[in-house]
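Q: got a predicted structure plus its sequence, pasted below:
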Amino acid sequence: MQFPNKRELETLRERFPAGTRIRLNHMDDPYAPVPPGTTGSVVYVDDAGNVHMKWDNGRSLSLIPDEDDFTIIKEEENT
């Protein structure tokens, strides 16, 4: 695993601020993935570039950009 540099972390944190709504398309986790279609909110982006989530189904498994497939839910989709 390669850790992001300072600029890459800043970009991730700008792209995924706390509260951003996410819909999971596919998680690359062979042991306990969050089911596709699950929605949730970003809690924070850690120093390794993982996007920590609070999933609506109660899970808290992080997303890994470039590994997991997910979509930002636009405001108009939330209404």
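A: Noted; the coordinates are in hand.
Q: quick one: the helices in the protein?
A: Using DSSP state H, the helices of the chain run over residues 6-15, 75-78.
Q: quick one: which of those helices has the weakest pLDDT on average?
A: Of all the helices of the chain, the minimum mean pLDDT falls on helix 75-78 (a mean of 59).
Q: and the residue nearest to Met27 when sequence neighbours are not counted, what's its pLDDT?
A: Excluding the flanking residues, the one nearest Met27 by CB to CB, 6 or more residues apart in numbering is Pro33, at 4.0 Å. Quick note: C-beta positions are derived from backbone N, CA and C, even for glycine. pLDDT, Pro33: 86.
Q: pLDDT weak spots in the chain?
A: Across the chain, the ranges flagged by pLDDT under 70 are 1, 76-79.
Q: what sits against Val45?
A: With contacts defined as CB atoms under 8 Å, 6 or more residues apart in numbering, Val45 is in contact with Leu9, Leu12, Arg13, Phe16, Val51, His52.
Q: list buried residues within those.
A: Leu9, Leu12, Arg13, Phe16, Val51 (16 or more other CB atoms under 10 Å).
Q: let's have these in CSV, adding distance to Arg59.
A: Listed next are the buried ones among the contacts of Val45 as CSV, based on distance: CB to CB, whole Å:
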residue, distance to Arg59
Leu9, 24
Leu12, 21
Arg13, 22
Phe16, 17
Val51, 13
